[in-house]
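Enquirer: Quick one, structure for this:
(3 chains)
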Amino acid sequence: MDVQIRNLTKTFGSLRANDAISLSFAAGNIHGILGENGAGKSTLMKLLAGFLQRDSGEVLLDGQPARLHTPAAALAAGVGMVHQDPMDIPAFSALENFFCASPRRALPSLAVARQRLIQLNQQLGFTVAPDQPLARLTVGQRQQLEIMRLLACGVKVLILDEPTTGITAAQKTALFAALRRLTAQGETVLFVSHKLDEVAELCQTVSILRNGRVVGPQLAMPQPQAELIKLMFGQEGAPAPPRPTTAPPTPASATPVWQLNQITVREGALTVSNLTLSLPRGCVVGLCGLDGSGQQVLLRLLAGRLRPERGQLLLHGVDVTRAPYRAFRAAGIEYLPADRMHDGVIGALTLTEHLLLTRKPHGLIINRADACTQAETAIAAYNIKATPDTPLASLSGGNQQRAMLALLSAECTGLLFDQPTRGLDVVSARAIWQRLLHRRTEGTAIVFASADFDELLDYSDLLLVFFGGQVSHLLPCATMTATRLAELIGGVGFAEVAARDG
Amino acid sequence: MQPTMFLRAQLIIVLLMLGSILLSACGGSAPTPTEAPAPTEASAATETPAADPSNEPFVFGMVLVGPINDGGWSQAHYEGALYAEERLPGSKFIYIDKVNPADKPNVQVVQVVDELVAQGAKLIITNSDDFKDGTREAAKAHPDVIFIHASGDDVLTGLAPANLGNVMGKMEYGKMIAGCAAALTTKSGRISYLGPLINDETRRLVNSAFLGARHCWTELRGNDPADLSFEVTWIGFWFNIPGVTLDPTQVANDFINSGTDVIISGIDTTEALIEANKATQAGTPVFALPYDFEGACAQAEAVCLGVPYFHWGPAYLQILTAAKQGTWEPAWQWLDPDWTDINNKDTSAIGFIKGAGLSDEASAQLDEFIAGLADGSISLFTGPLKFQDGTVFLAEGEVATDEQIWYMPQLLEGITGRSQ
Amino acid sequence: MTDNLPTETTPEALPAPPLPRTRMQPAIQLLTSAAIIIGGTLLFTTLVLLASGTAPLEAYRLILSGAFRNPRTIADLIMLTAPLLLCSAGLTLTFSAGLYNLGIEGQIVIGAVLAMVPLRLLPDLPPPVLWLLALSAGASGGMLWALLVGVLRLYTNVSEIFVGLGLNFIAIGITLYLVFGPWKRPGVASMSGTEPLPEALWLPTLEGSRLVPLAPIIALVGISVVWFALTRTHWGLELRATGLNLAAAERLGVPAHARLVQSLAGCGALAGLAGALQILAVYRALIPNISSGIGFLALLVVLLVRFNPVWVGPVAILFASFSIGSIQLPLQLGIDSSIAGVLQGTLVLFALIAQGVQERRR
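Expert: Predicted coordinates for the structure are as follows:
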């Protein structure tokens, strides 16, 4: 199905998220849509898939104007979208999710649905067992399920928004193969990403968005990477590849920030057992593994948000095994969660108010003028695009992330960061790491979890690999390669590095 | 997502509250199929403030606890007031009904009285025992207005200021007749009384019904008094308030299930009659006697043995006439029925209308009983009578005074049920 | 969705750009909201009035002006506004903390019950001492009842809505038990409540009026304290942070659960104070319906002003004036006074709808 977009505009308040966008996508191809964070890619895709309503402009499908005012209408018109975070019903089984919301004519009965699901699995090389409860599926499998569901619903235009976030390398390979197969059958695939190498590997054309507008013509792939970066980030030129100098960690003789003795900790179904570790000051430790292999459990344990079942946890040499979260905070431990708006910051409050919340209050009554000055200092120091009175919810992801860093106390001795740069573009990500590395040279211990190999390898001093609740010993990053890391995450040769019990 | 959820929850709460208000507004205004509430003629009074003193009508007001069409206590008062207005030239009647905490929260009797006085009322009748304190307070605040507290006793207790009087009909006779009708009809010998809340008045009425029943059970039917079971269950208020009172429907069914075949209702509403009718249609004959309003039998004629009711009209007419002429004196009036014809609208304060459920034989015997009450040959509050706890109420041959009957401290021996 | 340009700019690129919002927009939003709220409310209540065969204009005139006709009605208005304001102030605290304190009715009731205790046990103390005792007993009673909500919410993880509603029933049960049991009038238990307090124990009124000056004074102090605490103190900021995002507030080091419980305690104390005033200044006895639905009315007030303590005062007066003014309706038009409740509820309903419309547009 050919897709033609004419003068599509969408505004949020006074922000023109999509500004008179005109693009066309030919059937039977994979079309890449590139752009930095906030360029308007997701808005455009949500307009196509009916999750947002356009302000003006029109969309033609095979030359016919299409009404795409709701997701159901878009689905009926043949447009379906796979979201970055799977939007499915966790309480249902895979088959029930598959069956749910499909038109009667496509899947008249559960038995037909089962057959079709098995058939699509084979056809696309996917691995979704029909009767698995959704909670047992990985993010990658849930994405596969969603693709199959959309296909069963008769989708001719398949939109994938950052589909490779949070899935394994093997799943990524399977996904790409399946997408190629689908286009061979005449499907149109719109592939949204900010990862240049993936777009280069997969797409036949690429369109670039910046500031809500289309930049340049639709380009046929392959294109030189430098050219694409230039288009994505503007004429200032592409950022230089990052490689900070890594100073050696402080001597091991100093008291470590955290010391874990035979810790067993459980969260939900996941148990990390018999963990003995020592994390020194002035050192960056990267946690890697498949999503949900135990990285978050360790982060939350170190932050004091999760109590161990067994074992002993020392913080600066003091036993904090049973201590409350505020004891950890008092000892200079800060935890920055992955989902900023969920439990990172309070969207409706301003930077000034956040500073008031995090700094130790002097007296009962708020000194707003003083806090405002502090906020202005932080804004200047962290290069945050905001005023002291802007609610944090209206900042972009990168600015929110920098605001979170600005809120860290100067006495921070241990920093736990879940996905520090997820969803950020290269430049924002590098700015964040510049700050973090600065902290590190001041002696702060930084522990972060990431799914991005480059990030892990570029910025860590030590690595911990997680595999299904098992943890490796601390691996020096200097001797690690991406290939080796990928193998370890997948469990290949994991036994060699696994921390020995006791 | 979070703010939207918050908003949605708020919407639900407000919708629920609004829904309940609308329900109560609509449900409250038409509980019985009487004519729509007549608008009061009071608006004219505001538009012509004291135009010409000689033509100025004599305005009297009424504060009613229930709706004017409740088919019970409040409707009887309302019709009494209309009766008086019609017969007293130059008088004009205004009222506010449903003055109770459920229908009008945050509205007190005193405030309502202020409104009526502002409309020119020279005499104000309040019709609930619950208005006792409020009426007294209002009377003190408006010394130039006459107050009549129906069912109250402030004059008797000496608490009333000089502009406050009390009036009540001698309903104990109505209840004796009701008790007698029950005793003449029952086959099982089990009579139950659906009581409202416990106070002097309600104990008085239960005792009266019991005495009437025992008299007719023994004297007219020749049975052993020990074979008569007379049980009372108090629901806690004059009508059903879900969650607060016992459910009268449930209580009536409990009576029926325990073998009762006649229920005497002491509450304002007709659940007893309705449940008796259901049981009868299901094959268990049960009869009932409702209360307060002469038309109450209409809901289930066949099982209705009759209804004791009030005629407030004559008393109000008399009080209003005196007030208009300036000859009113505060008094505690406890008015007798007109024994020549207890159902005479113009003379009798209380009455009893027989229901279709009463057999001809029982009807004749009931007339005999009424005649006995009328000529004084039957005087039921005569000793020996004992209270439930065994103490003596009236010694052999002693006849109770009005005050002894008015302030009834306990149920009588022979009644099952709580005195307190 | 805001744009995120590369940020390795020099410090000269600062100061930060102003928000890209034009001046006109808030004004337009305000106008649309006002149009939705007022238009919707008038339309709905007019339909209800027409359905009951009433002239709507006359009904509105009576409702709006009824409370301001003379000093008496104004006194009644103030005496209703005072407890309403106290409860609204309390609910502003709990809503700011993100809690639905539907248990406020029970907190008023228990406040009233506990206020009765010193009045009944120690009637011989000098009245000012007794009043102080009764008011503090009321406040502590309400606070205790609210703390019960807080404890159950925190330790059993049951929604405060259900706990609160359950406790309302228990509180009313306790009142009924006392009115019909141990505290009943000599000989006669009555729905009209306990024996009225001796006149010496009534809070002093203005000469020849039902207005107790102390009541509005306490209420104004109450709402001012809440306003100050919420907008000017660290405690208030932490409370609001907790209400907006508990997990994030906790992460940022706010003792969030303590703040939840404290907001409930504060609300309970204010509601209990309102209950004590109902005893000392309005009913002068414990009656079964001592709260008179003031707590739920306060809920509507606070929802209408979006928990903004500055606007609580005017709206509380407006809502109270509807209640007082509506007494005119049955007298003059022969219609039910509960139309005031419809008006109050509809206003809030359309305010929420207007808010929803604004949120959708964003």
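
Enquirer: quick one, phi psi at residue 203?
Expert: You didn't pick a chain, so chain A it is. Main-chain dihedrals, residue A:203, degrees, to the nearest 10: phi -90, psi 150.

Enquirer: Next, the contact list for it, please.
Expert: Shown in contact with residue A:203 (CB atoms under 8 Å, 6 or more residues apart in numbering or on different chains): A:30, A:31, A:32, A:191, A:221. (C-beta placed from N, C-alpha, C; glycine too.)

Enquirer: now, which of these sits nearest residue C:121?
Expert: residue A:191 (78.8 Å; CB to CB).

Enquirer: Leaving out chain neighbours, which residue sits closest to residue C:197?
Expert: residue C:284 (4.8 Å; CB to CB, 6 or more residues apart in numbering or on different chains).

Enquirer: Now that that neighbour has come up, it's in contact with residue C:194, right?
Expert: No: between residue C:284 and residue C:194 there is no contact under CB atoms under 8 Å: 9.7 Å.

Enquirer: now the helices for the stretch 1-150 of chain A?
Expert: A:41-48, A:71-77, A:94-99, A:110-124, A:139-152 (DSSP state H, counting those that start in this stretch).

Enquirer: Quick test: name the residue nearest the centre of chain B.
Expert: residue B:73 (4.3 Å; CA atoms, centre = their mean).

Enquirer: Just to check, it is in contact with residue B:150?
Expert: No: the criterion here is CB under 8 Å, and residue B:73 misses it with residue B:150 at 9.5 Å.

Enquirer: Next, residue C:290: secondary structure please.
Expert: What DSSP: H, G, I helix; E, B strand; the rest coil gives for residue C:290 is coil.

Enquirer: ok, now which ones touch it?
Expert: Residues counted as contacts of residue C:290 (CB under 8 Å, 6+ apart) are C:108, C:109, C:112, C:113, C:175, C:193, C:275, C:278, C:279, C:283.

Enquirer: and the residues you listed, which of them are in helices?
Expert: Using DSSP state H, C:108, C:109, C:112, C:113, C:175, C:275 are the members of the contacts of residue C:290 that sit in helices.

Enquirer: Out of those, which one has the weakest pLDDT?
Expert: Minimum pLDDT for the ones in helices among the contacts of residue C:290 is recorded at residue C:175 (92).

Enquirer: State the helix or strand in which the residue in the stretch 301-420 of chain B that chain C sits nearest to lies.
Expert: Nearest to chain C in the stretch 301-420 of chain B, going by CB to the nearest CB, is residue B:409, at a distance of 6.9 Å. Under the criterion DSSP states H and E, no helix or strand holds residue B:409.

Enquirer: tally of neighbours for it?
Expert: 14 (other CB atoms under 10 Å in any protein chain shown).

Enquirer: Residue ranges in the stretch 1-150 of chain A under the pLDDT threshold?
Expert: A:13-15, A:37-38, A:85, A:101, A:104 (pLDDT under 70).

Enquirer: where exactly do the helices run in the stretch 101-250 of chain C?
Expert: C:104-121, C:127-156, C:160-180, C:214-232, C:234-244, C:246-251.

Enquirer: quick revisit: of the ones in helices among the contacts of residue C:290, grab the buried ones for PyMOL.
Expert: The PyMOL selection below is limited to those of the ones in helices among the contacts of residue C:290 classed as buried (16 or more other CB atoms under 10 Å in any protein chain shown):
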select buried, chain C and resi 108+109+112+113+175+275
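
Enquirer: what would the ones in helices among the contacts of residue C:290 look like in JSON lines with distance to residue A:90?
Expert: Shown next, in JSON lines, are these (distance: CB to CB, whole Å):
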{"residue": "C:108", "distance to residue A:90": "42"}
{"residue": "C:109", "distance to residue A:90": "42"}
{"residue": "C:112", "distance to residue A:90": "47"}
{"residue": "C:113", "distance to residue A:90": "47"}
{"residue": "C:175", "distance to residue A:90": "46"}
{"residue": "C:275", "distance to residue A:90": "45"}
